[in-house]
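have a look; sequence and predicted model below, questions after that.
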Amino acid sequence: MLYRTMKKTGDKLSVLGFGCMRVPQKLGRIDEARATRQIRFAIDRGVNYIDTAMMYHMGANEPFLGRALADGYREKVKLATKLPPSAVKTREDMDRVLSAQLDMLQTDYIDYYLFHGLNGEAWKRMKELGGRDFMDKAKADGRIRFAGFSFHGDIDAFKEIVDAYDWDVCLIQYNYLDEHNQAGTEGLRYAGAKGLGVIIMEPLRGGNLAGRIPAPVQAIWDEAEVKRSPAEWALRWVWNHPEVTVVLSGMNRDDHIRENLRIADEAHPNSLTERELELMSRVAETYRGLMKAGCTGCRYCMPCPSGVDIPSCFELHNGAHIFGDKQVARIMYLLRQGGLGDSGESSLASQCVECGECEEKCPQELPVSELLKDVAKDFEGRGTKTIIRFLSLFFTFQRWMTLRKARRVEKRARKK
Ligand code: SF4
Ligand code: SF4
């Protein structure tokens, strides 16, 4: 196992981290015996960064991980978890949620504590609620060792957040297809230059870059002198960047874990050759050619006066068409564009009134309003409002459960 040192914290972290979001399940619940065995197997072979979050598995992931890290495994790892902005309404709620998490994870401290899934709006709210003071105090009294945030917004918001606090770490989505999406390469370098450790999620784009490979893409892989699986190419591409500290992989198959451990033994920064990098950019170009809209995610077209999040619509629509996972993409679309975020504003493709403003600004000269009709046709229609309502109720329920749990922990602590 290779290790990279976090600039600010000095921790030596394994380049491969275990992301618990995708641990194996059985009959809709975490398969605890199998997942525990897999996590401990990875730790025994050098993995020392474990990532979870309160939202995973409807709140069941943290209590599970608390049990999985018993028998001395907690002490062998740096544990990361996240505070969901949607679960807090006040500064005090942040302390309550953290107390509940410490209780569920059966630990006295979290090594890396992150605000979960920030974008510009979520950060504005966390800042106004006193998020920076909360992180300062939690660090000072030892409940957390280091502070960070995970991110799903645009590059401007990313830079604003990086500059707004003395963060130790950030967690971004990054892979060879998302070089210019969300934080992207620009954000990676920006955070790296400011001394933040950068943890990567979605190195395989939810497994898509390793799953069913389109024939024109496979033809390019076949040209490579050194034969590697598509998953290995994707992981090595991320590790090739010296600014990357840890790559999280959501591993739930034994053979995948073994393969990832092997690759993590060899993935030095700057170890891919010029020819290999050129081959990989041809693969990325080929994937882009399969997209419905040639949107680069530059956001020059934004803001849309009708509130449509144009690049986000295209990102999900393109993904659905390249990888054929339309149902998953539709749920993601309704989650992101359906007004369930911190702003409460919906940004659906169907809100487009064809004013043409965005088309004047798009450097790719895309017929945006026409393309948005395709997005609306594929992702909206009958049932949209019902699904959004259901998701909204689900999140309200989850928030209520989180705070109820936190209050119980508080009561128990007072009795002691
Ligand atoms: S054409 Fe549609 S998407 Fe573009 S700016 Fe106008 S309303 Fe927004
Ligand atoms: S300006 Fe064009 S390419 Fe850039 S995000 Fe908007 S639609 Fe996509």
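Looks like it came in fine. Ligands and ions are numbered 1, 2, ... in the order given.

please make it C-alpha for all contacts and neighbour counts, starting now.
Will do.

quick check: end-to-end length of stretch 297-308?
Across stretch 297-308, the terminal residues are separated by 14 Å (Cα to Cα, to the nearest Å).

in the stretch 101-250 of the chain, what residue is nearest ligand 1?
Here the residue of the stretch 101-250 of the chain nearest ligand 1 is Asp154; by Cα to the nearest ligand atom that distance is 17.3 Å.

what's the local residue count around the nearest residue to Pro303 once chain neighbours are set aside?
Counting by Cα to Cα, 6 or more residues apart in numbering, Asp309 is the residue found nearest to Pro303 once chain neighbours are left out, at 7.7 Å. As a burial measure, Asp309 scores 21 neighbours (other Cα atoms under 10 Å).

residues touching Asp309, list them.
By Cα atoms under 8 Å, 6 or more residues apart in numbering, the contact list for Asp309 reads Met302, Pro303, Gln337, Ser347, Leu348, Ala349.

looking at the residues you listed, which is nearest ligand 2?
Set against ligand 2, the nearest of the contacts of Asp309 by Cα to the nearest ligand atom is Met302 (6.6 Å).

wait, the closest one touches Gly356, no?
No: with contact defined as Cα atoms under 8 Å, Met302 does not reach Gly356; the gap is 12.0 Å.

look at those two and report which has more neighbours.
Neighbours were counted for Met302 and for Gly356 using other Cα under 10 Å; Met302 has more, 16 against 13.

residue contacts, the more buried one?
Taking Cα under 8 Å, 6+ apart, we find Met302 in contact with Asp309, Ile310, Cys358.

tell me which of those residues fall in helices.
Mapping the contacts of Met302 onto helices (DSSP state H) picks out Ile310, Cys358.

identify, from the contacts of Met302, the entry nearest to ligand 1.
Ranked by distance to ligand 1 (Cα to the nearest ligand atom), the contacts of Met302 are led by Cys358 at 4.2 Å.

the residue nearest to that closest one when sequence neighbours are not counted - how many residues pack around it?
Using Cα to Cα, 6+ apart and skipping the chain neighbours, the partner closest in space to Cys358 is Cys301 (4.5 Å). Neighbours of Cys301 under the rule other Cα under 10 Å: 18.

isn't Cys301 up against Glu365?
No: contact criterion Cα under 8 Å: Cys301 and Glu365 do not qualify, at 10.4 Å.

shared neighbours of those two, anything?
Glu359.

can you map out the helices along the stretch 101-250 of the chain?
Secondary structure of the stretch 101-250 of the chain by DSSP state H, counting those that start in this stretch: the helices cover 120-129, 131-140, 155-164, 184-193, 215-221, 230-239.

quick revisit: so which of the contacts of Asp309 is the most crowded?
So for these (other Cα under 10 Å), the most neighbours sit at Ala349, 28 neighbours.

got the contact list for that one?
Ala349 is in contact with Val308, Asp309, Ile310, Cys313, Leu372, Lys373, Val375, Ala376, counting by Cα under 8 Å, 6+ apart.

tell me which two of those sit farthest apart.
Greatest spatial distance in the contacts of Ala349: Asp309 and Lys373, 13.6 Å, computed using Cα to Cα.

spell out which parts of the chain neighbour ligand 2.
By Cα under 6 Å from any ligand atom, the residues of the chain that approach ligand 2 are Cys295, Thr296, Gly297, Cys298, Arg299, Tyr300, Cys301, Pro311, Cys362, Pro363, Gln364, Leu366.

one more time with 8 Å
Counting by Cα under 8 Å from any ligand atom, the residues of the chain lying close to ligand 2 are 294-302, 310-311, 314, 358-359, 361-366, 368.

distance of the residue in the stretch 51-200 of the chain that ligand 2 sits nearest to from Asp374?
With distances taken as Cα to the nearest ligand atom, the stretch 51-200 of the chain approaches ligand 2 most closely at Asn181, which sits 9.4 Å away. Computed as Cα to Cα, the Asn181 to Asp374 distance reads 21 Å.

can you give me the pLDDT of the residue of the stretch 51-200 of the chain closest to ligand 2?
Per-residue confidence (pLDDT) for Asn181: 82.

likewise the one 3 residues further on?
Confidence at Gly184, expressed as pLDDT, is 93.

now for it, how many residues are close by?
21.

so what's it up against?
Shown in contact with Gly184 (Cα under 8 Å, 6+ apart): Ile155, Gln173, Tyr174, Asp178.

what about the third one, neighbour count?
For Tyr174, the number of neighbouring residues by other Cα under 10 Å comes to 27.

give me the phi and psi for it.
phi -160, psi 130 (degrees, to the nearest 10).

scan this structure for its longest helix.
Ordering each helix of the chain by length in residues (DSSP H) puts helix 384-415 first.

quick check: buried residues in that one?
388, 391-392, 395, 398-399, 402-403, 405-407, 409-410 (16 or more other Cα atoms under 10 Å).

Arg288 touches Gly294, doesn't it?
Yes: contact criterion Cα under 8 Å: Arg288 and Gly294 qualify, at 6.8 Å.

which one's more surrounded, those two?
Per other Cα under 10 Å, whichever of Arg288 and Gly294 has more neighbours is Arg288, with 18 against 15.

secondary structure class of that one, three-state.
helix (DSSP: H, G, I helix; E, B strand; the rest coil).

and it, what pLDDT?
Arg288 is assigned 86 on the pLDDT scale.

please name the residues that touch it.
Each residue near Arg288 by Cα under 8 Å, 6+ apart is listed here: Gly294.

also Tyr3?
Listed by Cα under 8 Å, 6+ apart, the contact set of Tyr3 reads Lys12, Leu13, Ser14, Val15.

if it is in a bridge, with which residues?
As for beta bridges, Tyr3 partners with Ser14 under DSSP bridges.

looking at the protein, which helix or strand is least sure?
helix 384-415 (a mean of 79; mean pLDDT, DSSP states H and E).
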